[in-house]
Structure formats: structure tokens, C-alpha cells
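Engineer: below: sequence and its predicted model.
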Amino acid sequence: MRVVRTVAELRGVLAPCRRDEALVGLVPTMGAFHGGHLSLIRRARAECAVVVVSLFVNPAQFRSGEDLDGYPRDEARDRALAQAEGADVLFAPDPAEVYPSGFQTAVEVSELGRMLEGDEAGRGPSHLRGVATVVTKLFNMVAPDIAYFGQKDAQQTYVIRRLVQDLDMPVRIAVGPTVREADGLAMSSRNVYLTPAERHRAVALSRALRAGEAVAAAGESDPAEVLAAARAMLDAAGVEPEYLALRSAADLSQIERVDGTALLLVAARIGRTRLIDNTLLGVPEANPASLAAEREEAPA
Ligand code: PAF
């Protein structure tokens, strides 16, 4: 596996693949790899001739006061894990390579970027603007045929699909299922911040999703009832959600009824750690292949 730090070096390494028309897969990450990242790298390895993993803690998607400085970083560990999964290239640029002096462009997906995570009460519109900007840059740098993202960051996958469609980018977006700990907690690089007591409470998020799934699966179509079932699980653990929402799985718009394509999303702070999770109602998570296939085909 080659470790490259500059765009020029990256293009040089990928030039022979372009000549051979080899399928290039990109797994964009901010490092601190867990099972979710590894499952995406594994899938890219199975589907592509060349696998590029990017490792860049993107300052543009952190609000001031967020955990940019303390964000877990261990490049040596990530390098070993990416290599073990068969990645060909680890692209780990410095911030000045991505945002050189004088940089002033931003990519904003206006509606999708301002709801839920992008709400002022959440991480604010700068968060998904920062994600859209860096992902656009990574797509221009790597020119992947397929780019792989995790379902846990559901809203970011909608933003990325939208910008790919709106800006006519020739890249296919693949979304892999959320990988969970044995008790249901969604794997996240930020889970390392949780104290043992907080780790115990954090499982309330996935329990809330399972409760929502259960009432929807039993035939409940009133969003208020599904949300109430989920909310009861959070209340029982003393977890106050930043948002708990049911949205259309097609475009994250508000819905009047729960049908087979609704997305239940939650964000909450457990102590100082902000966690998010979501589930597609009507799609069994036990069958990740069908989930991934459905998300890949979902309209942007
Ligand atoms: O999901 C992430 O880790 C980041 O938001 C991404 C897509 C790598 C952009 O920095």
C-alpha cells in the first residue's frame, strides 16, 4: 500500500490505472478506523481494481468549539488496518494541501444541508457545507468510479448524492450498512470519548430505533406514534435527543404517514459526546445486502 500526501503524487500513482481503465474505488474517511470503515474498505476491495482510502480530518466540517483538536488520530494504526484490508493507496494530505492559502470556495447543498444536522441548533449549516466541499475536492483529486460511505451518517449521503447529481459528477455512490457493537450501539470514532457509564446509556439510541421499527412493523403508520415509541426508550435512559425525526427515505422531506421507505433519525449528547444513528423502517438491518442495494438505487 502506498501512502501519499500530495495531489500531484496521488495523480501520478493513479495515472497507470486510468490508462488501463481500471475501476477506482474511494473510501473517504477522517481516520480512527472502526468496523464500519473496514467494512467499506472490504467492499471497495471486492468491487474495484484499485482502492484509495483517504484519511483527512476536515477542519471545514467542525464548528468552533467542536472536537477538531481532540478528534482521535492514529495514522500508524489506520495505515496498518487499511493495508490489512487490501487498500492500494492511503491518501493522507496535510490541511495545507487541501486548503492552500487563499482557498475561498465552498460547496453548499442548500436545503438538505440546513435541516437536522445542519440546523443551527445542531451542528449548523457549516457542517454539511464542509463535508460537501471536501468530498467534492476528494472526487476531483481521486476521480473515483465508485465512492463508499456509511449509512450511519445518513444525511451526509443524501447531501453527497444531491451534489453528485447537481454537479454532473461521474461517480457512483455506494452506501454500506451501519456496523454495530454487540449491544446495538452504532460504531463511531467518537465512541472512544464515552465514559463507561455514558457508554451504558448510549445504547438508548439504537434501542429507540428498534422500538420505532417494532411499532412500524406492527402496522403503525402515524409518525407521532412511531416517534413516541422511540422517545420512550430515550426517556427511560434519561437521554434528551437533539432531534428525533421521521423523514422520507427518498429525500429527507417531512412525511405524513410511515410507509416502507421512512427514515428514523436520532441525535443526542451523551455527556459531552454527540452521537447520531438512524434506521430505514421496513428494511431489515439483519439483511445488509438488501439495505445497501436499496440505498444504492434510491433516488437522489
Ligand atoms: O464521514 C466522514 O468521515 C466525513 O464526513 C467525510 C465523508 C470523510 C468527509 O470529511
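Structural biologist: Arrived safely.
Engineer: around the ligand, which positions in the stretch 201-300 of the chain sit nearby?
Structural biologist: Nowhere does the stretch 201-300 of the chain come near the ligand, counting by C-beta under 6 Å from any ligand atom. No exception for glycine: its C-beta is placed from N, CA and C like everyone else's.
Engineer: so where is the stretch 201-300 of the chain shaky, pLDDT-wise?
Structural biologist: Scanning the stretch 201-300 of the chain for pLDDT under 70 picks out the ranges 283-300.
Engineer: one more time with 90
Structural biologist: Within the stretch 201-300 of the chain, the segments meeting pLDDT under 90 span 259-261, 282-300.
Engineer: now the helices for this protein?
Structural biologist: 7-19, 35-47, 75-84, 95-98, 125-142, 154-166, 196-217, 223-236, 288-297 (DSSP state H).
Engineer: how far does the third one sit from the chain's center?
Structural biologist: In other words, helix 75-84. Counting by C-alpha atoms, centre = their mean, to the nearest Å, helix 75-84 is centred 20 Å from the centre of its parent chain.
Engineer: what's the most centrally placed residue in the chain in contact with, if anything?
Structural biologist: The chain has Asp153 as the residue nearest its centroid, 3.1 Å off, counting by C-alpha atoms, centre = their mean. Asp153 makes contact with Ile276, according to C-beta atoms under 8 Å, 6 or more residues apart in numbering.
Engineer: where's it relative to Ala211, distance?
Structural biologist: Per C-beta to C-beta, to the nearest Å, Asp153 is found 22 Å from Ala211.
Engineer: can you pull the residues of the stretch 51-200 of the chain lying near the ligand?
Structural biologist: 58, 61, 131, 134-135, 153, 156.
Engineer: quick one: which of these is nearest to Pro100?
Structural biologist: Val134 (13.7 Å; C-beta to C-beta).
Engineer: and the closest one, how many neighbours?
Structural biologist: The tally of other residues near Val134 (other C-beta atoms under 10 Å) stands at 21.
Engineer: number of residues surrounding the nearest residue to it once chain neighbours are set aside?
Structural biologist: Nearest non-adjacent residue to Val134, counting by C-beta to C-beta, 6 or more residues apart in numbering: Asn58, 4.4 Å away. When neighbours are defined as other C-beta under 10 Å, Asn58 has 21 of them.
Engineer: distance of the closest residue to Ile255 other than its chain neighbours from the ligand?
Structural biologist: Distances taken as C-beta to C-beta, 6+ apart place Ser248 nearest to Ile255, at 5.1 Å, with adjacent residues excluded. Ser248 is 22 Å from the ligand, where distance means C-beta to the nearest ligand atom, to the nearest Å.
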